[in-house]
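Chemist: When you get a sec, could you give me coordinates for this:
(2 chains)
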Amino acid sequence: MTPRPPRLAIALLKRVAGQNGALIGDLEEQFRDGRSRMWFWSQTIGISIHRCVHENSCAVCLVFAAFVIGTGSTVGWWGARFAVPVLLGLSLTSWKMWKLHRTSLVILYITSIALVAPHWMADVSTMSGGDRLFWTLARVLGGYGVVGVLLVPFLITRLGRSGPLSEPPIELSLTR
Amino acid sequence: MPRQHLTDFELMILLAILRIGDDSYGVPIAREIEQTAKRTVLLGAIYTCLDRLEQNGLVTSTYGDPTPERGGRAKRFFKITGKGLKAVKDTQRAFTALWSGIPQLKGGTA
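Modeler: A predicted model of the protein is given here:
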């Protein structure tokens, strides 16, 4: 009896690389030639991550990234009261948008903002002096921040799609 | 004069196709790179790269017949185009030019 590849992995591959039956066929062929289930799973996970990053075919991955970035930013800001984690999170998200530039990125940003926003809207009246000043400033700056956060990456995206920031094709002109 | 230059992975894939010949599909390409270049490759990365090469007209692909050992899925055979061959030659020329005249690289392995 010939070994069958893991059904769950095949289902995942169909979801991620549905258009590419040859790829799944290649994996199955190698599995039947003696590759292990571990190998099959490692290829499946690798392909899923690779496709998510390069083709933006997985909205769940984006939402997960948004959750991690948003939570990291919020916790970092809340705990350390320092803007670096937020800036880092926004930079990462901007980079991601630039790389992927698809409408589902809206989900990513909205999720990020939704996770950070409650702290921007915290009730400052019950806070002590330092906290009150910090969150008041954060709220004011946050308002501008949201606009900037939403607009700047979209401008980058727009420029990146067809404008001066668009990626060059393989063909390069070199002069000796 | 416009010239084509490839990334190392693109070059490896094109060279693997040239080495394999008519039976170039995902599995032998991956095997060739793993055996010859001693590099572990992800089949998905190979297909992403091949799709890009096909979009740029450096390779063409055709589907074979579905086979039971592949779960009823067809093989996708790749063939290098004239443009692809030229890109490989241009890249080789560029690397050779860069390689020559470096004293540290003379006299066997570093």
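Chemist: Can you give the distance of stretch B:21-29 from its chain's centre?
Modeler: What separates the centre of stretch B:21-29 from the centre of its chain is 10 Å, taken as CA atoms, centre = their mean, to the nearest Å.
Chemist: residues of it that come out buried?
Modeler: Buried positions in stretch B:21-29, judged by neighbour count with 16 or more other CB atoms under 10 Å in any protein chain shown: B:24-29. Where C-beta positions appear, they are placed from N, C-alpha and C, glycine not excepted.
Chemist: now for stretch B:62-80, what's the gap between its first and last residues?
Modeler: 12 Å (CA to CA, to the nearest Å).
Chemist: now the buried residues of stretch B:21-29 as JSON lines including distance to A:Thr44, secondary structure and pLDDT?
Modeler: What follows is those, written out as JSON lines (distance: CB to CB, whole Å; DSSP: H, G, I helix; E, B strand; the rest coil; pLDDT from 0 to 100):
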{"residue": "B:Ser24", "distance to A:Thr44": "23", "secondary structure": "coil", "pLDDT": "93"}
{"residue": "B:Tyr25", "distance to A:Thr44": "19", "secondary structure": "coil", "pLDDT": "94"}
{"residue": "B:Gly26", "distance to A:Thr44": "15", "secondary structure": "helix", "pLDDT": "92"}
{"residue": "B:Val27", "distance to A:Thr44": "16", "secondary structure": "helix", "pLDDT": "93"}
{"residue": "B:Pro28", "distance to A:Thr44": "21", "secondary structure": "helix", "pLDDT": "94"}
{"residue": "B:Ile29", "distance to A:Thr44": "19", "secondary structure": "helix", "pLDDT": "95"}
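Chemist: What is the nearest of these to chain A?
Modeler: Distance to chain A across those (CB to the nearest CB) is lowest for B:Gly26, with 3.7 Å.
Chemist: The closest one reaches A:Ala22, doesn't it?
Modeler: Yes - the criterion here is CB atoms under 8 Å, and B:Gly26 meets it with A:Ala22 at 6.4 Å.
Chemist: residues shared between the contacts of these two?
Modeler: By CB atoms under 8 Å, 6 or more residues apart in numbering or on different chains, B:Gly26 and A:Ala22 have these common neighbours: B:47, B:75-76.
Chemist: List buried residues within those residues.
Modeler: Burial by neighbour count, 16+ other CB under 10 Å: within the shared contacts of B:Gly26 and A:Ala22 this picks out B:47, B:75-76.
Chemist: With A:Ser36 as the reference, measure out to B:Asn56.
Modeler: As defined by CB to CB, to the nearest Å, B:Asn56 lies at a distance of 35 Å from A:Ser36.
Chemist: So these two - more neighbours on which side?
Modeler: Using other CB atoms under 10 Å in any protein chain shown as the criterion, B:Asn56 and A:Ser36 rank with B:Asn56 on top: 18 against 10.
Chemist: Please report phi then psi for the more buried one.
Modeler: Dihedral angles of B:Asn56 (phi, psi; degrees, to the nearest 10) stand at phi -90, psi 0.
Chemist: how close does it get to B:Gly84?
Modeler: In this view, B:Asn56 and B:Gly84 are 9 Å apart by CB to CB.
Chemist: Torsion angles phi and psi at B:Glu67?
Modeler: Quick fix: residue B:67 is Thr, not Glu. phi -130, psi 150.
Chemist: you'd agree B:Thr40 is in a helix?
Modeler: No - using DSSP: H, G, I helix; E, B strand; the rest coil, the assignment for B:Thr40 is coil, not a helix.
Chemist: Quick one: residues contacting it.
Modeler: When contacts are counted by CB under 8 Å, 6+ apart, B:Thr40 touches B:Glu34.
Chemist: Check the one 4 residues further on too.
Modeler: With contacts taken as CB under 8 Å, 6+ apart, B:Gly44 has the following neighbours: A:17, A:23, A:43, A:46-47, A:50-51.
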